[in-house]
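Chemist: Predicted coordinates and the sequence they were generated for:
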Amino acid sequence: NLAKQPASTVQILGAEKALFRALKTKHETPKYGLIYHASLIGQSQPKFKGKISRVLAAKCALAIRVDALGDTTDAAVGTEARAKVEARLRQLEGRSLASDAGKARGKAQPAPYEAAKQAAAGTGLAQGAAKAYNADADVVEPVKEKKEKKEKK
């Protein structure tokens, strides 16, 4: 019964031969089976095909369960799932475009050497002066004595 199968099984349906061959020879298992031919996966970039196939398999597994066990006859679950998969695809492609453009999100972080200069300026140390080691700031734990084990009779 397909409704009882997990999304990972739905994802590799049609690739059973390759899956068992990979398990037998201890090679990498296939990422996708027939789901690879879906239009949503075909329109994604090659580096996102695995992620999109996992998302699509999860939504398909949910739709299969609703179809098999649900009382409704409308396709609302399927259309919502398709919209979510398309939104995830747009999100992944948008993230790659933003990283390629060099756009940083949030507040700009200072470089590490600038943070050290600001900390030195705040403490009144000269820019070239090295900090001295403070031995009083160390925490030393007392040494615990080991108890001797009793011999068994």
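Modeler: Yep, it's here. Numbers count the residues shown, from 1 in each chain.
Chemist: CA atoms for contacts and neighbours, from now on please.
Modeler: Will do.
Chemist: Could you measure from the residue nearest the centre of the chain over to residue 20?
Modeler: The centre of the chain sits closest to residue 51, judged by Cα atoms, centre = their mean, with a distance of 9.7 Å. For residue 51, the distance to residue 20 equals 22 Å [Cα to Cα, to the nearest Å].
Chemist: ok, back up a step: secondary structure element holding the residue nearest to the centre of the chain?
Modeler: Assigned by DSSP states H and E, residue 51 belongs to helix 49-69.
Chemist: From the rest of the structure, what touches that helix?
Modeler: With contact meaning Cα atoms under 8 Å, 6 or more residues apart in numbering, helix 49-69 is reached by 2-8, 10-11, 31-32, 35-36, 40-42, 44, 73, 77-78, 81-82, 85, 88-89.
Chemist: Moving C-terminal from that helix, which element do we reach first?
Modeler: Following helix 49-69 in sequence order, the next helix or strand is helix 76-101 (DSSP H and E).
Chemist: Please point out which parts of that following helix sit buried.
Modeler: Judged by neighbour count (16 or more other Cα atoms under 10 Å), helix 76-101 contains these buried residues: 77-78, 81-82, 85-86, 88-89, 92.
Chemist: what does stretch 13-25 give?
Modeler: By 16+ other Cα under 10 Å, the buried positions in stretch 13-25 come out as 13, 15, 19.
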